[in-house]
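Enquirer: predicted model, plus sequence, below.
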Amino acid sequence: MIKLTNVSKEYPKRGFALRDVSFHLKKGQFAFLTGHSGSGKTTTMRLVHMAEKPTQGEVRVTGYSSENVTERGLWKVRRRIGYVFQDFRLLPGRTALENVAFVLEVIGTSRKAIVPAAQRLLAQVGLAPKAGALVNELSGGEQQRVAIARALASDPFILLADEPTGNLDERATRGVMDLFWDINAKGMAVLMATHDLELIKRYPHARVFELDQGRLVYDSLPD
Amino acid sequence: MYALREAVAAFQRAPVLTGLSSAMVGLALYVVGLFGLATYNLRLALTSIEERVEIAVYLRDDARQSEIDLALTELAAIPEVRSVSFISKRDALDRARADLPDFGELFADLEVNPLPQSLEVELRPGSRDPEVVERVSDAAAAYPFVEDVRYGEEWVDKLFTLRRIGAATTAVLGSAFALVAALIIGTALRIAVFARRDEIYIMRLVGAKGSFIRRPFLLEGAMAGLLGGLIAWGLTYATYRGVYSYLFEVAWLPGEWIALGLLVGGIFGAISSGLAIRRHLREV
């Protein structure tokens, strides 16, 4: 599903962000990607999302390789990946329904099907009653749920979540994590970057990758 | 549908800038329209002049009838020649009397007919440009019994030169204005891209095709161009009315020229947007 083979990423000014990282996240697995700030978590997520290419090595995502994906063909990979951020990145001034509907329209859902599909996705994340609310008026946890509904709109194989609970209180964090596990239980691979070790300890069944200064220093379930 | 909705929304979001883009396209096309109007009227004038172009081949008095008959046959055989007629000295005098009645007494007192006999060569329609006229004239002038050949070469050449100057001026000035218009459309698009950067980010994130992201901007450019075409049409028409009412009679442009102008405006807007959008999207 996600396979990194001897991946290094070097930036001209910053130097190496990742050094010789290899791991293989299989279908239906749930994994935390942890490490201190600057350890390479976000770089790894961006490489998996193919927002960047590795300097060395290969990133394979659902059959697509970083070696031959072109900018023109990038959309095909992106539709197989849902992405959730710490700061939600919703469209302000629009309702929860409109935020999800926007993505459905972008990926070419027929006009008739857009609203029912958006409602169904919001119901899936427990936000059906707030479908008509402006996203700026929702709580952090609710906004993150809208973001998750939006990430699921393209029916992806993988869900990437970059510090998704970083801005949430304890209760909202639990709600979002429950949602991730529900999604994972349906067969979707989840890769979640977080520096919150307490949170990781609460889910002992999850796989854990730890990065330190760009190197993979721990894998709880190596191949 | 999405592209159209977003393009209209972009117009509403920055009406001054998109209005300025349209105005610049309008000015560029107005220059083209003005010269187009002038060129079109010049063409009409040239066509009517061309229809009157005849070559008068004046013959020496001692030309023999057999030689004249041979010239008649040979000149009539040139593909661009419609007809050749012989005007005798007497015919020429009769024509002069009819055309110039004020000089009736002068013609009556003549003891010797001073007018030369001649051949009048009429060209086929479409074969009346300076090159053909000159070629046929040279063929006529080659006969030894020909005194002179006249076809008003000076003003035919001048009118054709004027038409060429008009077309060149249109191209140069129109291009200069078009360049400025393209730069302004590019700036307007940059602002539109910036205003929609969040949406563009989300679109890329979820796997929108590049064409889907670009389409609203191309449409916005095309709409600005089309609006510019309409502005140019309005300005050109106002100028035409002004000239027609206060200066002299001119003909209005044919419908297909106007449709072409609007189409060019739209295509120009879309191309300008297409060139600008790739660069600006990379900045988001």
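Expert: Yep, it's here.

Enquirer: for chain B, what is the nearest residue in chain A?
Expert: Proximity of chain A to chain B (C-beta to the nearest C-beta) peaks at A:Arg78, 3.2 Å away. The way it works is simple: take the backbone N, C-alpha and C, and place the C-beta from them, glycine included.

Enquirer: mind listing what that residue touches?
Expert: A:His49, A:Met50, A:Ser154, B:Arg204, B:Leu205, B:Val206, B:Gly207 (C-beta atoms under 8 Å, 6 or more residues apart in numbering or on different chains).

Enquirer: now do B:Gly234 against A:Arg150, distance only.
Expert: 46 Å (C-beta to C-beta, to the nearest Å).

Enquirer: try A:Phe180
Expert: For A:Phe180, the distance to A:Arg150 - C-beta to C-beta - is 15 Å.

Enquirer: neighbour count winner among those two?
Expert: A:Arg150 (30 against 21; other C-beta atoms under 10 Å in any protein chain shown).

Enquirer: residues contacting that one?
Expert: A:Arg150 makes contact with A:Leu90, A:Asn99, A:Val100, A:Phe102, A:Val103, A:Leu121, B:Ile202, B:Val206 under the criterion C-beta under 8 Å, 6+ apart.

Enquirer: same check on A:Lys26?
Expert: Going by C-beta under 8 Å, 6+ apart, the list of residues near A:Lys26 reads A:Met1, A:Ala189.

Enquirer: now do the strands in chain A.
Expert: For chain A, the strands defined by DSSP state E occupy A:2-11, A:15-25, A:30-34, A:56-61, A:64-65, A:81-85, A:158-162, A:189-193, A:207-212, A:215-219.

Enquirer: adding mean neighbour count and distance to chain B, write these out as TSV.
Expert: Converted to TSV, the strands of chain A look like this (neighbours: other C-beta atoms under 10 Å in any protein chain shown; distance: least, C-beta to the nearest C-beta, whole Å):
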stretch	mean neighbour count	distance to chain B
strand A:2-11	18	17
strand A:15-25	18	20
strand A:30-34	23	19
strand A:56-61	19	12
strand A:64-65	16	12
strand A:81-85	24	6
strand A:158-162	23	10
strand A:189-193	24	16
strand A:207-212	20	23
strand A:215-219	16	26
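
Enquirer: may I see the ones you listed organised as a markdown table, with mean pLDDT added?
Expert: What follows is these, written out as a markdown table (pLDDT from 0 to 100):
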| stretch | mean pLDDT |
| --- | --- |
| strand A:2-11 | 96 |
| strand A:15-25 | 95 |
| strand A:30-34 | 97 |
| strand A:56-61 | 96 |
| strand A:64-65 | 94 |
| strand A:81-85 | 94 |
| strand A:158-162 | 96 |
| strand A:189-193 | 96 |
| strand A:207-212 | 96 |
| strand A:215-219 | 95 |
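
Enquirer: got CSV for these, with distance to B:Leu34 too?
Expert: Formatted as CSV, the strands of chain A follow (distance: least, C-beta to C-beta, whole Å):
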stretch, distance to B:Leu34
strand A:2-11, 56
strand A:15-25, 60
strand A:30-34, 66
strand A:56-61, 59
strand A:64-65, 56
strand A:81-85, 54
strand A:158-162, 59
strand A:189-193, 63
strand A:207-212, 68
strand A:215-219, 70
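
Enquirer: ok, which of those strands comes nearest B:Leu27?
Expert: Nearest to B:Leu27, of all the strands of chain A, is strand A:81-85, at 45.6 Å by C-beta to C-beta.

Enquirer: outside of the closest one, which residues touch it?
Expert: By C-beta under 8 Å, 6+ apart, strand A:81-85 touches A:48-49, A:61-62, A:144, A:147-148, A:151-154, A:156-164, B:205-206.

Enquirer: okay, that strand in PDB with CA atoms only?
Expert: Below are the C-alpha coordinates for strand A:81-85, written out as PDB (Å, rounded to 0.1, in the frame of the first residue of the first chain):
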ATOM      1  CA  ILE A  81      -5.200   9.300  -0.600                       C
ATOM      2  CA  GLY A  82      -7.200  11.200   1.900                       C
ATOM      3  CA  TYR A  83      -5.300  13.900   3.800                       C
ATOM      4  CA  VAL A  84      -6.200  15.500   7.100                       C
ATOM      5  CA  PHE A  85      -4.200  18.400   8.700                       C
END
